[in-house]
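Engineer: make a model of this:
(2 chains, ligands or ions: 3)
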Amino acid sequence: MATQLKQPGPAPRLRVENYLSGDFAKAENQHLWTKVWLVAGREEELRNVGDFLTFNVATESIVVARGKEGLVAYHNVCPHRGRRLADGCGRASQFRCKYHGWTFNLEGKNVLVQDRDDWQGALDDERIDLWPVRVDSWGGFVWINMDMEGESLTEYLETIPEFLDPFELEKMRFRWKAELHLPVNWKVALEAFMEGYHVAATHPQLLPVAGNDYTQSFAQGKHAHFGYWKDMQPIGTASPRLADGGFRDARAGVIEFFRQIEEDLNAIQTDRDFEAAKKIMDVLPEDVDPMTAMGTAIELGRQAAVADGTDYPAQLTFEALAKAGSDWHIFPNCVTLPYFDGAIWYRARPDSRDPENPDKCVFEIWSLKRYGPGKEPEVQTRVITDPFKEGLCLILDQDIANMAEVQAGMKSSKFRYARPNPVQEVEVINFHRTLEQYVLGQAQA
Amino acid sequence: MPKLIFVEHDGTTVETEAPVGETVMRAARAAGVAGIVGECGGGMSCLTCHCYVARAAIDRIAPAGPVERELLGCVVTAQENSRLACQIVVTAALDGARFDLPAWQG
Ligand code: FES
Ligand code: FES
Ligand SMILES: [Fe+2]
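Structural biologist: Ligands and ions are numbered 1, 2, ... in the order given. You can find the predicted model right below:
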């Protein structure tokens, strides 16, 4: 968090072409997706040697596997005549092309060409191994970069580890996953989660219990975050936008906050946190102050985590939590809201079945949680192809309802540019500033 | 006909009789052995017919050729007594041979 400076100069603007233009989408495919570190999956999906997953983005497909010496990643294409090699995820000792049977080991080396003698040795000088992709991990996520040169993942992430390492995202496991197929630009989907400015209008039910909903936001290099730093109020208290003071009994406010998050989002705070928070009714007096009510609920949540065989992250002090803020945009296509016991992680990308269409995307929501040993659930991805018919939960449905209306609304002949809030929507502003550097060709590669 | 014994990774044992000249991969599939997939039909490229030949039977089987050895080199679950079942032809000498199956194929 830096000091908020008075914003001089004109109101910030975002080019509408960034969301609507097919040429811009094509330029993203060329200059963005192949040049940056991207989350391909979670390490928990690649636990054993031979486990693999595929990650499709724009026109590219990448296969990531656990090799004998660690993670490996390749372009998912057969050098013979171009068939995609692997599909989905699974376990294999080798990648065998289903077309003519060329086979590649986990090191990417071609180990079998059917009737190789037909080439009379000429294949010896030809490239017939898989094309490697850089792969690394941070936070329990598997990251890939198709650009074989350039920054390491650590360099790319800039200050993110400093702010987010204390959350121990690598110790969390999937609680649930959803994959939504949306008729909107990938950035429209992601930006629904990149500011807190929308909360009052989009999620009014949160105002009586979510504390002061006023946010500030700051760039952190390519990335950015927002938080509730100004006139912060504990959860369970009402937004100053409301004339009534919210719950008279601070305990009831805190419990109602946890209930809403559990039932209407099912992420960040956990079911275990909600159960633990209810106990403040027994251990605190009716006239307890809101700060004590919140602090006690959190401490009971920690004790419940310990009783369940895990704990809250040791390094995650209240100071570290406050420093991180609530929400991070991780350039280009991820957003996370981490907490002691869980986190939500969003990932957006163009729909690879129609990669140049700026009106389509695949948007994923991952709810992560700390589990005691052996208590991690087997999680299947819930695929939703019509999110306007099939809902997820109240808060997310409210966010998703805005998306298609934004994509449609921006096509109005009157709408030439967006006018983001210079204090609360810096994540979005910084996103486009960085994006344009890559896509419009000014990136310092 | 020679009798073959397959022991799945979970310990389930399947015994079957196979005609001489058949491959061990086909005999296993005909007997419904779950641990042998044989996706490529014996073309030696899918590696899903990987098995471990019990010590007592090793000398009764012709050794693996260079391509099979190279391919077995990729197999994550391979051991010294690994073979591709599609490359083993049933002979009278195989009667009573035991094949153990890996935890997974591919
Ligand atoms: S395209 Fe892969 S083997 Fe021919
Ligand atoms: S059946 Fe495919 S390698 Fe044996
Ligand atoms: Fe929202």
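Engineer: what are the ranges of the strands in the stretch 1-150 of chain A?
Structural biologist: Counting by DSSP state E, counting those that start in this stretch, the stretch 1-150 of chain A has strands at residues A:14-15, A:38-42, A:51-57, A:60-67, A:70-75, A:89-91, A:94-96, A:103-105, A:110-112, A:134-138, A:141-145.
Engineer: for residue A:419, find the nearest of those strands.
Structural biologist: strand A:14-15 (8.0 Å; C-beta to C-beta). Where you see a C-beta, it was placed from the backbone N, CA and C, and this is true even at glycine.
Engineer: show me what that closest one packs onto, helices and strands only.
Structural biologist: strand A:417-418, helix A:426-439 (3 or more C-beta pairs under 8 Å, 6 or more residues apart in numbering or on different chains; DSSP states H and E).
Engineer: can you list the residues that contact it?
Structural biologist: Residues outside strand A:14-15 that contact it (C-beta atoms under 8 Å, 6 or more residues apart in numbering or on different chains) are A:417, A:418, A:419, A:420, A:428, A:429, A:432, A:436.
Engineer: then stretch B:81-94?
Structural biologist: Taking C-beta under 8 Å, 6+ apart as the rule, stretch B:81-94 contacts B:2, B:4, B:18-28, B:36, B:38, B:40-44, B:47, B:49-55, B:57-58, B:60-62, B:64-65, B:68, B:71-72, B:75, B:99.
Engineer: out of these, which are inside strands?
Structural biologist: Among these, the ones falling in strands (DSSP state E) are B:4, B:50, B:51, B:52, B:53, B:99.
Engineer: quickly list what the nearest residue to the last one once chain neighbours are set aside is bridged to.
Structural biologist: Okay, so that is residue B:99. Of all residues beyond its chain neighbours, the one nearest residue B:99 is residue B:51 (4.4 Å), with distances taken as C-beta to C-beta, 6 or more residues apart in numbering or on different chains. Note on residue B:51: beta-bridge partners by DSSP bridges are residue B:83.
Engineer: mind checking the SS state of the residue of the stretch 251-400 of chain A found nearest chain B?
Structural biologist: Using C-beta to the nearest C-beta, residue A:378 is the residue of the stretch 251-400 of chain A that sits closest to chain B, at 16.8 Å. Secondary structure assignment for residue A:378 (DSSP: H, G, I helix; E, B strand; the rest coil): coil.
Engineer: which parts of chain B sit against ligand 2?
Structural biologist: Listed as neighbours of ligand 2 in chain B under the rule C-beta under 6 Å from any ligand atom: B:25, B:38-40, B:42-49, B:84, B:86.
Engineer: could you pull out the helices for chain B?
Structural biologist: Secondary structure of chain B (DSSP state H): helices located at B:24-30, B:55-58, B:66-72.
Engineer: which other helices and strands does the first one contact?
Structural biologist: In this case it means helix B:24-30. strand B:3-7, strand B:13-17.
Engineer: buried ones in the first one, by neighbour count?
Structural biologist: Right, strand B:3-7. For strand B:3-7, a neighbour-count test (16 or more other C-beta atoms under 10 Å in any protein chain shown) marks B:4, B:6, B:7 as buried.
Engineer: check the last one too.
Structural biologist: Within strand B:13-17, the residues scored as buried using 16+ other C-beta under 10 Å are B:14, B:16.
Engineer: identify the bridge partners of residue A:132.
Structural biologist: Going by DSSP bridges, residue A:132 forms beta bridges with residue A:74.
Engineer: for the closest residue to residue A:159 other than its chain neighbours, list the residues it contacts.
Structural biologist: Once flanking residues are discounted, residue A:159 sits nearest to residue A:220: 4.8 Å by C-beta to C-beta, 6+ apart. Applying C-beta under 8 Å, 6+ apart, we find residue A:220 in contact with A:158, A:159, A:160, A:163.
Engineer: and the gap between residue A:220 and ligand 1?
Structural biologist: 43 Å (C-beta to the nearest ligand atom, to the nearest Å).
Engineer: what sits opposite that residue in the beta ladder?
Structural biologist: Counting by DSSP bridges, residue A:220 forms beta bridges with residue A:223.
Engineer: sorry, back to before: same list (the buried residues of strand B:3-7) but as CSV, adding pLDDT and distance to chain A.
Structural biologist: Output for these, formatted as CSV (pLDDT from 0 to 100; distance: C-beta to the nearest C-beta, whole Å):
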residue, pLDDT, distance to chain A
B:4, 97, 24
B:6, 97, 20
B:7, 97, 21
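Engineer: and which of those is nearest residue A:292?
Structural biologist: Looking across the buried residues of strand B:3-7 and measuring by C-beta to C-beta, the closest to residue A:292 is residue B:7, at 63.2 Å.
Engineer: need the contact list for the residue nearest to the closest one when sequence neighbours are not counted.
Structural biologist: Excluding its sequence neighbours, the residue lying closest to residue B:7 (C-beta to C-beta, 6+ apart) is residue B:100, at 4.9 Å. By C-beta under 8 Å, 6+ apart, the contact set of residue B:100 is B:7, B:9, B:51, B:52, B:54.
Engineer: show me the shaky parts of the chain.
Structural biologist: Reading this off chain A. Applying pLDDT under 70 to chain A flags the ranges A:1-8, A:442-445.
Engineer: at 80 instead, please
Structural biologist: Residues of chain A meeting the criterion pLDDT under 80: A:1-8, A:441-445.
Engineer: let's have the residues of chain B next to ligand 2 in TSV, adding pLDDT, distance to residue A:60 and neighbour count.
Structural biologist: Below are the residues of chain B next to ligand 2 laid out as TSV (pLDDT from 0 to 100; distance: C-beta to C-beta, whole Å; neighbours: other C-beta atoms under 10 Å in any protein chain shown):
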residue	pLDDT	distance to residue A:60	neighbour count
B:25	97	36	24
B:38	95	33	20
B:39	91	27	15
B:40	89	28	19
B:42	94	35	16
B:43	88	30	13
B:44	88	31	19
B:45	83	26	24
B:46	88	26	24
B:47	91	27	29
B:48	94	28	22
B:49	97	33	29
B:84	97	33	27
B:86	97	35	27
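Engineer: good, we can wrap up now.
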